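> pasting the structure only:
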Ligand code: PMP
């Protein structure tokens, strides 16, 4: 992989911050966009912007074709059996809220439970709490240990008769843990329980095949996959999507409307009320083309090598504590320096041109469990280099000297 050539595809990577070359290590929050994506958005708005699915005119047909071609591209990217199993959403959060609402209204009753994991992002906790509260159901949690590894020995007992759905992250955004999702799906399915995977931190790092995983629902965000903001994907198995009630009501999701009764549209439109993010879908398709051309296998190999190098270098810094020590990891390294606040480390790195994230990373229960206020988090993309890791390490040593 020619990283220097790849970096040229991302104009923002040439940006200077405080007069220093930007070292962008906040990819877990959002990734930068290659020129191909920026041009696809520009081209969409300059040449065929129009509303989809409704117009008889040429531009509307072109926009519809591009929008539906994007859906086909996403389906191929995750190997969905049917293109209509791919629903456009606003992002991961929106996808989880959709399933929580629809599954909750359709299938949850008092006494039932939803099983999540101890390392979920707030967006895979709160929607379940909200619907459970409404239905008199509860949220149960697969615990983790101090290393940030799920305690899988507890799973069989947790998967009792009350559990109606398991919702779990594939990769933890705060710890970098890659969860044993195949085993979770296998055990849940052996009891007839469907599984939703939060793929927000997975699809950009790991080849994901929904048929091979046999997962029932997968959600992710375009903006973490080098695509534009404002658009995301919900994959659902046809049988489940057909069984669920619709989410929002409005245009496009209906077949017929009278004041007495409305009938709903077929998949995927049943779950896509209102004007969708057409340009976002087109941009996401361009991002998928870009990533696919490099190859997710290659990306995974490069990123794993970079992660191993970064872990080795960071471990050697005296007083630096890694948070999350799963042997199976991807994308993210969380750390603390001695007893200092992560925000102070983050600020000192920022002044040296390095973008990391600090805080609880929308995972307050993780931080509470570990008894820490939060972490500083470096999160990687395939355009990051060993040289950038070296810059991070040197900057951390400088920050450490200032904090001591
Ligand atoms: N889940 C995980 C694991 C995430 O990392 C994120 C984004 N930080 C989300 C869900 C929410 O994604 P979005 O804000 O794009 O909806």
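That came through fine. Keep in mind it's a predicted model, so treat the numbers as computed, not measured.
> Quick check: beta-bridge partners of the closest residue to the ligand within the stretch 201-350 of the chain?
Nearest residue of the stretch 201-350 of the chain to the ligand (C-beta to the nearest ligand atom) works out as residue 221 at 3.4 Å. C-betas here are computed from N, CA, C, even on glycine. Per DSSP bridges, the residues bridged to residue 221 are residue 232.
> SS state for residue 13?
Secondary structure, DSSP: H, G, I helix; E, B strand; the rest coil: residue 13 is helix.
> Find the nearest non-adjacent residue to it, please.
The shortest distance from residue 13 to any non-neighbouring residue, by C-beta to C-beta, 6 or more residues apart in numbering, is to residue 7 (5.3 Å).
> how far away is that neighbour from the ligand?
Separation of residue 7 from the ligand (C-beta to the nearest ligand atom, to the nearest Å): 24 Å.
> After the one helix or strand that residue maps to, which helix or strand is next?
Using DSSP states H and E, residue 7 sits within helix 3-8. Counting by DSSP H and E, the next helix or strand C-terminal to helix 3-8 is strand 16-17.
> strand partners of that following strand, parallel vs antiparallel please.
When DSSP bridges is applied, strand 16-17 pairs with strand 20-21 (antiparallel).
> mean confidence for the helix or strand just after the strand it pairs with?
The helix or strand immediately downstream of strand 20-21 is strand 23-24, counting by DSSP H and E. Average pLDDT, strand 23-24: 98.
> which other helices and strands contact strand 23-24?
With contacts taken as 3 or more C-beta pairs under 8 Å, 6 or more residues apart in numbering; DSSP states H and E, strand 23-24 sits against strand 354-355, helix 386-403.
> Throw the ones you listed into JSON lines and include mean pLDDT, mean neighbour count and distance to the ligand, thanks.
What follows is the helices and strands packed on strand 23-24, written out as JSON lines (pLDDT from 0 to 100; neighbours: other C-beta atoms under 10 Å; distance: least, C-beta to the nearest ligand atom, whole Å):
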{"stretch": "strand 354-355", "mean pLDDT": "98", "mean neighbour count": "22", "distance to the ligand": "15"}
{"stretch": "helix 386-403", "mean pLDDT": "97", "mean neighbour count": "17", "distance to the ligand": "21"}
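> Nearest to residue 203 among these would be which one?
Among those, strand 354-355 comes nearest to residue 203, with 21.9 Å by C-beta to C-beta.
> Neighbouring strands - and their directions - for the closest one?
If you go by DSSP bridges, strand 354-355 pairs up with strand 23-24 (parallel).
> Which residues does the partner strand contact?
Residues outside strand 23-24 that contact it (C-beta atoms under 8 Å, 6 or more residues apart in numbering) are 12, 13, 32, 353, 354, 355, 381, 384, 388, 391, 392.
> run the last query once more with 7 Å
13, 32, 353, 354, 355, 388, 391, 392 (C-beta atoms under 7 Å, 6 or more residues apart in numbering).
> Show me what the helix or strand that it is followed by is packed against.
On the C-terminal side of strand 23-24, the closest following helix or strand by DSSP H and E is helix 35-43. Secondary-structure packing of helix 35-43 (3 or more C-beta pairs under 7 Å, 6 or more residues apart in numbering; DSSP states H and E): helix 278-294.
> For the helix it packs on, buried residues please.
The neighbour-count check on helix 278-294 (16 or more other C-beta atoms under 10 Å) flags 278-288, 290-291, 294 as buried.
> what's that helix packed up against?
Packing partners of helix 278-294 (3+ C-beta pairs under 7 Å, 6+ apart): helix 35-43, helix 58-77.
> how about the helices in the stretch 151-300 of the chain?
With helices called from DSSP state H, counting those that start in this stretch, the stretch 151-300 of the chain shows them at 155-158, 181-190, 210-213, 238-243, 278-294, 296-315.
> quick one: contacts for residue 291?
Listed by C-beta under 7 Å, 6+ apart, the contact partners of residue 291 are 225, 226, 299.
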